[in-house]
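Sequence below, structure please.
(chains A, B, C and D)
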Protein chains: 4
Amino acid sequence: MNKITLLISCRDTQGIIASVTRFIYKKNGNIIYIDQHVDMEHRVFFMRLESQFVEFPGSLEDFKNEFGHRIAQQYGMSWEIHTDKPQPQMAIFVSRYDHCLYDLLGRYNSGELHVTIPFIISNHTDLKPVADSFGIPFHHIPVGPDNKEEAEKKQLYLLQEAGVDFIVLARYMQIVSEKLINHYPHKIINIHHSFLPAFPGAKPYHSAFKRGVKIIGATSHYVTEELDAGPIIEQDITRVTHAHSIEDLVMKGRDLEKIVLARAVKLHISRKVMAHNNKTIVFS
Amino acid sequence: MNKITLLISCRDTQGIIASVTRFIYKKNGNIIYIDQHVDMEHRVFFMRLESQFVEFPGSLEDFKNEFGHRIAQQYGMSWEIHTDKPQPQMAIFVSRYDHCLYDLLGRYNSGELHVTIPFIISNHTDLKPVADSFGIPFHHIPVGPDNKEEAEKKQLYLLQEAGVDFIVLARYMQIVSEKLINHYPHKIINIHHSFLPAFPGAKPYHSAFKRGVKIIGATSHYVTEELDAGPIIEQDITRVTHAHSIEDLVMKGRDLEKIVLARAVKLHISRKVMAHNNKTIVFS
Amino acid sequence: MNKITLLISCRDTQGIIASVTRFIYKKNGNIIYIDQHVDMEHRVFFMRLESQFVEFPGSLEDFKNEFGHRIAQQYGMSWEIHTDKPQPQMAIFVSRYDHCLYDLLGRYNSGELHVTIPFIISNHTDLKPVADSFGIPFHHIPVGPDNKEEAEKKQLYLLQEAGVDFIVLARYMQIVSEKLINHYPHKIINIHHSFLPAFPGAKPYHSAFKRGVKIIGATSHYVTEELDAGPIIEQDITRVTHAHSIEDLVMKGRDLEKIVLARAVKLHISRKVMAHNNKTIVFS
Amino acid sequence: MNKITLLISCRDTQGIIASVTRFIYKKNGNIIYIDQHVDMEHRVFFMRLESQFVEFPGSLEDFKNEFGHRIAQQYGMSWEIHTDKPQPQMAIFVSRYDHCLYDLLGRYNSGELHVTIPFIISNHTDLKPVADSFGIPFHHIPVGPDNKEEAEKKQLYLLQEAGVDFIVLARYMQIVSEKLINHYPHKIINIHHSFLPAFPGAKPYHSAFKRGVKIIGATSHYVTEELDAGPIIEQDITRVTHAHSIEDLVMKGRDLEKIVLARAVKLHISRKVMAHNNKTIVFS
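Sure, this is the predicted structure:
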């Protein structure tokens, strides 16, 4: 154990950074990254810090306990300390579109994503061959008007049994239930195929075409109960013209969707995203 | 007279391009630019063509008459033929923000905009010194709750007296009346400080901040009766982060607004924009 | 047979568009796309035209013959007429990096690329499993200092036997021989991992890091004898900061490389690229 | 006096952040911004910190002395402490192009740039009216083959007399002398009209046109002795096509140049740029 990542939020006041960095220093840690943000409106302080230890002083558990008692309590902090191991468990939900899935699995395969993928869940069987070609278990859980609750139970069972840490909806075309969202608050990452808040809901490319926009976008956000209204993690755009048909928009959009989703997933994996007040702080 | 620009729209059918280009050829014209678009949904054909004539065959009036009778009538065309001279008359409306005005007048001064600016109209006096420093007449026409009609009359009088061809709202903070819009259909260019259709109406940067978007935009469009819902001419965006305050967004947005507005104005001046069905065709 | 794509280049003169479009019209063709460009410096005219025929008048061979004799000869045109079928044969060359290969094959699989891929050639065996998972033949042709000529012979034999139309170098880390280039002039598409002409040759991300640029790029171009100096088809960029290591640049660059290469390949497939004077005309 | 900005660089070691933040805390300062960077290759630590003091403890001089003796000395720091007042003195050098000058003065006028502009220096008289219209002194110092040294003496005299802190070359078309550079190390900001390191030197738009690039750029950098090779502060790009003439590139480039230069100037003013090893650290 050599490196920890510390995430903190608390009411803004004087001396927080000094206290935390002094604590790290006294433990012989070398801070290699520190970034902070103050939400001036609500007076909330956020910090992300990475520290290396040549030799870690005692157990991680002791370290956490001491930090909790000596620092966190004093400032009323919400905090997390992460280490590199074990890697987070990331489940993928898909339906029929394969571009985001190929992109994620290609990155996974080449070692770009520091996660384990225990399985892929889909309401269709179309993408089973893709999962197979990458050697990843694939669970087909159909979702229809009268088996929603049962489907969700199966999903939750699989997720919990595998100790899944977060979920990526890689163009999963079903609305995720409130129950699942509550089990994974700010831990379900969706890709929406528009530049939110423009064109939420279904068929955004059709709406973009009808409105005659000159730029289309894609938005990756945490899933909350309100559809396509959760905290935005990442967005990007591409230019279109009057000459592009709806099919062209869909095709150009696919390239955006996969890149934007991958960026959001990588930010989440490296613990660079904090959600607060339905917005995100994305550390550099 | 050496160069004409021809704009055409009509029901799509076979032979239009052949007929038009043959007509030009028979008049000894050399086509230096042709672009066309077919709205497949509504079966409408659009074309923009530039042609040079070493020696123009007869008067422009004759040319237009002949084109009208021999070509346009046959296909039921809406059409316009423009020459470089005289330059269009462009009026500018402003309120208090100066960045778009400085940008437009700087371009005007350096010869980038092929127009004449007969005057600037404002509901405030703040920007009179800017107009003065560029030597452009400035008319102060206050607009209040009980003089709207009178103000509009004054505006229209000035516009018509000067033979104004089109109007640029360079951050003019008043809603333009239906009457003015009807006098200048698709000839009033507005800059809206958001990535439409997201955040129409007032205070879009406040809304963008609240929603936590990662990209902000600006949109230039033709003014129609429905607020911020007219045909989009040009849009652009810039990245923002959680660290940007509303004031930062406003400042970053200013750079977008002036560039996007200038691009739209230049497209309009060079007759590259055709509006149809509340969308634009923007020729390259 | 319903649609043809016509590409033309010739000395610029009056009447070309009129002659060509009239020819199409007389054959009962409906022009659905026309775009042209004049290289003013060298007085060369370029045109791309798509036309639909409800019923094609006689054989394609007859059509070509007639066009050749009645139109092309008169203007001294270089010209090509393409139909949708058969699809072009596209060979892919790779070495060890898999991101461009995954991206291309994912698109191929989902029907986005209108080509047939007869095989993949590599100087290494690393990516054979990827080829296998997509069911595409994989030929391992090692390239070393003393078997270059032999390797090239094998490549050419395979390419010609399969009737390959064009070649995509999807991060193929060998210099392609003059002989191969002469067999496929402006038909070998490379992706270079820098914003050319900055940083040609090896290790561009290292050079970009050293120079401290704030933006990195990728460039897709046709291969010519001079290294990384062929006609540019497409480029794109992404922002970087002082905080990015060389490894970060490499990783961010991968996303650029695959998207830029895919765009160039799609432009080539849809016959939208004409090369001339070591530059490209890329029709919209 | 309420706010200080602290810039530090030194050899990387443990405890720096803890020491500095503790020092601030003990002085009753509230840290509102902290960002750091470690150059891993050369083991150099950089930090930028902003702190607010409800009541400043003693004089700024005392504060600096104490920081110097108690903290900076221990770690062998290079360091600067800045306050908001007085505002830096910024001189502008121009030649004949006016777009960057209009842009800078427009921003200055609207309060966006927190500087004082004591004067504008030019080797031509063309832009005197612009300076006049903004009420800024304008010095015409012609530069020819046989008065270079004399011209430079005049420039230096004016700069030093006015206590100029940094210089902006707003499309100043003369090479700045070594002597001037040595007086203002990393304090002369230039805008180069290409995406460096591509196309350094004269006529970059001509070179870009000839090479057939699909994207052009602009680069703002600190001036060093080697032409166009100093530390890059900011870059941006815009797309071009085969249809753009050199004049089009020049015109599109102007919009880039002014925006990129303004961003670099604003970063410099807010002390967000540190130069090191011919690269910049640009804090967020």
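
rest of the way, CA atoms for contacts and neighbours
Noted.

shaky segments in chain A?
Applying pLDDT under 70 to chain A flags the ranges A:1.

Where do the domain boundaries of it fall?
Domain assignment of chain A by automatic domain parsing yields the ranges A:3-83, A:90-282.

okay if I get those domains as JSON lines plus distance to residue C:45 and mean neighbour count?
As requested, these are arranged in JSON lines below (distance: least, Cα to Cα, whole Å; neighbours: other Cα atoms under 10 Å in any protein chain shown):
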{"stretch": "domain A:3-83", "distance to residue C:45": "57", "mean neighbour count": "17"}
{"stretch": "domain A:90-282", "distance to residue C:45": "23", "mean neighbour count": "19"}
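
Please list the residues of chain A that sit near chain B.
Within chain A, the residues that sit near chain B (Cα under 8 Å from any Cα of the partner chain) are A:37, A:196-198, A:210-215, A:231-236, A:241-243, A:278-282.

check contacts around the closest residue to residue A:200 other than its chain neighbours.
Leaving aside its chain neighbours, residue A:200 sits nearest to residue A:228 (5.9 Å; criterion: Cα to Cα, 6 or more residues apart in numbering or on different chains). Residues in contact with residue A:228 (Cα atoms under 8 Å, 6 or more residues apart in numbering or on different chains) are A:192, A:196, A:200, A:201, A:221.

Name the SS class of the third one, please.
Assigned state for residue A:200: coil (three-state reduction, DSSP: H, G, I helix; E, B strand; the rest coil).

Is it correct that it is in contact with residue A:207?
No - here residue A:200 lies out of contact with residue A:207, judged by Cα atoms under 8 Å, at a distance of 9.6 Å.

so residue A:206 touches residue A:246, yeah?
Yes - with contact defined as Cα under 8 Å, residue A:206 reaches residue A:246; the gap is 6.2 Å.

For the residue of the stretch 101-250 of chain A found nearest chain D, which residues count as its bridge partners?
Chain D sits closest to residue A:239 of the stretch 101-250 of chain A, with a gap of 10.8 Å, by Cα to the nearest Cα. Counting by DSSP bridges, residue A:239 is bridged to residue A:215.

Return the distance of it relative to residue D:237.
Distance of residue A:239 to residue D:237, given as Cα to Cα, to the nearest Å: 15 Å.

right, is the helix of greatest length in chain A up against chain C?
In chain A, with assignment by DSSP state H, the single longest helix is helix A:246-269. Yes - for helix A:246-269 and chain C, the contact criterion (Cα under 8 Å from any Cα) is met by A:255, A:259.

now that helix and helix C:246-269, what's the angle there?
170 degrees (axes from the mean of the first three to the mean of the last three Cα atoms, to 10 degrees).

Let me see the ranges of the strands in the stretch 51-200 of chain A.
Ranges of strands within the stretch 51-200 of chain A are A:78-83, A:90-94, A:120-122, A:138-140, A:166-169, A:188-192, based on DSSP state E, counting those that start in this stretch.

Give the other helices and strands that the fifth one contacts.
On a contact count with 3 or more Cα pairs under 8 Å, 6 or more residues apart in numbering or on different chains; DSSP states H and E, strand A:166-169 meets strand A:90-94, strand A:188-192.

Alpha carbons only: can I get that strand in PDB?
Taking Å, rounded to 0.1, in the frame of the first residue of the first chain, the C-alpha atoms of strand A:166-169 are listed here in PDB:
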ATOM      1  CA  PHE A 166     -21.000   1.200  -9.800                       C
ATOM      2  CA  ILE A 167     -23.100   0.700 -12.900                       C
ATOM      3  CA  VAL A 168     -22.600   2.000 -16.400                       C
ATOM      4  CA  LEU A 169     -25.700   2.400 -18.600                       C
END
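
starting at the chain centroid, how far to that strand?
Relative to its parent chain, strand A:166-169 has a centroid offset of 7 Å by Cα atoms, centre = their mean, to the nearest Å.

same question, stretch A:105-121
Distance, centroid of stretch A:105-121 to centroid of chain: 14 Å (Cα atoms, centre = their mean).

helix, strand or coil for the residue of chain A positioned farthest from its centre?
The C-alpha centroid of chain A is most remote from residue A:243, which lies 35.0 Å away (Cα atoms, centre = their mean). Assigned by three-state DSSP, the conformation of residue A:243 is coil.

Leaving out chain neighbours, which residue sits closest to it?
Nearest non-adjacent residue to residue A:243 (Cα to Cα, 6+ apart): residue B:37, at 6.8 Å.

which residue packs closest to the closest residue to chain B within chain A, ignoring adjacent ones?
Chain B sits closest to residue A:198 of chain A, with a gap of 4.7 Å, by Cα to the nearest Cα. Nearest non-adjacent residue to residue A:198, counting by Cα to Cα, 6+ apart: residue B:198, 4.7 Å away.

Quick check: beta-bridge partners of residue A:273?
Those that pair with residue A:273 in a beta bridge, by DSSP bridges, are residue A:282.

can you tell me how far it sits from residue A:267?
Residue A:273 is 6 Å from residue A:267, by Cα to Cα.

would you say residue A:220 is within a helix?
No - with three-state DSSP as the criterion, residue A:220 is assigned strand and is not in a helix.

Tell me if I'm right that it and residue A:189 touch.
Yes - shown here, residue A:220 and residue A:189 form a contact pair, counting by Cα under 8 Å, at 6.8 Å.

Give the residues shared as contacts by the two.
Counting by Cα under 8 Å, 6+ apart, the shared contacts of residue A:220 and residue A:189 are residue A:264.

What segments of chain A are helices?
Under DSSP H, chain A gives helices at A:16-26, A:60-67, A:73-75, A:99-109, A:128-133, A:148-161, A:178-183, A:204-211, A:246-269.

Tell me the spatial nearest neighbour of whichever residue of the stretch 1-150 of chain A sits closest to chain C, not counting adjacent residues.
Ranked by Cα to the nearest Cα, the top residue of the stretch 1-150 of chain A for proximity to chain C is residue A:133, at 5.5 Å. With sequence-adjacent residues excluded and distances taken as Cα to Cα, 6+ apart, residue A:133 is closest to residue C:133, at 5.5 Å.

Just the endpoints, please. Distance across stretch A:83-92?
By Cα to Cα, one end of stretch A:83-92 lies 23 Å from the other end.

which other residues reach it?
Outside stretch A:83-92, the residues touching it (Cα under 8 Å, 6+ apart) are A:1, A:3-5, A:114-121, A:159, A:162-170, A:269.

Stretch A:170-186 too?
For stretch A:170-186, the external contacting residues (Cα under 8 Å, 6+ apart) are A:92-97, A:100-101, A:122, A:143, A:152, A:156, A:165-166, A:188, A:190-192, A:222-225, A:261, A:275.

how does it look with 7 Å?
With contacts defined as Cα atoms under 7 Å, 6 or more residues apart in numbering or on different chains, stretch A:170-186 is touched by A:92-95, A:97, A:100-101, A:166, A:190-191, A:222-225.

Kindly present these as TSV, with separate columns for distance to residue D:62.
As requested, the contacts of stretch A:170-186 are exported to TSV (distance: Cα to Cα, whole Å):
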residue	distance to residue D:62
A:92	59
A:93	61
A:94	63
A:95	66
A:97	65
A:100	59
A:101	61
A:166	52
A:190	54
A:191	54
A:222	49
A:223	53
A:224	52
A:225	55
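
is it true that the residue of chain A closest to chain B touches residue B:197?
Yes - Residue A:198 is within contact range of residue B:197, at 5.8 Å (criterion: Cα atoms under 7 Å).

Residue A:212 contacts residue B:277, correct?
No - using Cα under 7 Å, residue A:212 makes no contact with residue B:277, being 9.5 Å away.

For chain A, list the residues in contact with chain D, please.
Within chain A, the residues that sit near chain D (Cα under 7 Å from any Cα of the partner chain) are A:14, A:15, A:17, A:18, A:21, A:22, A:25, A:30, A:33, A:34, A:35, A:36.

ok, and the closest non-adjacent residue to the first one?
Same thing as residue A:14. residue D:30 (5.0 Å).
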